[in-house]
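S.K.: Show me the folded form of this:
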Amino acid sequence: MEPNRYIYGSAAPQLPERHHQEEQQVRRPPARRKVEVVVPEPVRYPVGRMVFCIVVGFLILFTLISRFATITEMNGELASMNAQLEVLRDENRKLQAEISASINQENIRQIAEERLNMKMPDSYQRIPVNVPKVNYSTITLQAAEEESTLMSFFSDLFE
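M.R.: Residues are numbered from 1 along each chain as shown. This is a model prediction of the structure:
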């Protein structure tokens, strides 16, 4: 048979006959070699360090939470103290208004005479005192001028 020739009516070309021995032989799969299975070595994590890090993390979180709780508590106390302060300031304003309304020279004289048994001094018991009116701004300006002249004196000496 020619290998390149097409045969009509056949689906496949005929194969050459085999020898009788080859047919009787049982094909066995090739012998497999025992392949050593490489088992990866397990990764050993440092358990002690991990536990230590977890404990330290919890301590840090506990500290932060306790600090925030303390800050919140102190803010509440501060707010209540500020409210008390405002109440006291209002009370002081009312008392000062009451005091300024009750200050009357006639009331003071009456209370001094009745409760404290005081009386107004007579004319011979009065001593007139003259207090000079001093302009303090003028005095400070004069002192500044004296210092400047003293400074100019020393600067003139060293020149």
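
S.K.: CA only for contacts and neighbour counts going forward, please
M.R.: OK.

S.K.: ok, residue 96 to residue 90 distance?
M.R.: Between residue 96 and residue 90 the distance is 10 Å, computed by CA to CA, to the nearest Å.

S.K.: Residue 71 too?
M.R.: Residue 71 is 28 Å from residue 90, by CA to CA.

S.K.: Where does pLDDT dip in the protein?
M.R.: Applying pLDDT under 70 to the chain flags residues 1-28, 134-151, 153-154, 157, 159.

S.K.: longest helix anywhere in it?
M.R.: helix 47-102 (DSSP state H).

S.K.: and it, what does it pack onto?
M.R.: Counting contacts by 3 or more CA pairs under 8 Å, 6 or more residues apart in numbering; DSSP states H and E, there are no secondary-structure elements packed against helix 47-102.

S.K.: Next, the angle helix 47-102 makes with the helix or strand following it.
M.R.: Counting by DSSP states H and E, the next helix or strand C-terminal to helix 47-102 is helix 105-114. Helix 105-114 and helix 47-102 meet at an angle of 90 degrees, taking axes from the mean of the first three to the mean of the last three CA atoms, to 10 degrees as the criterion.
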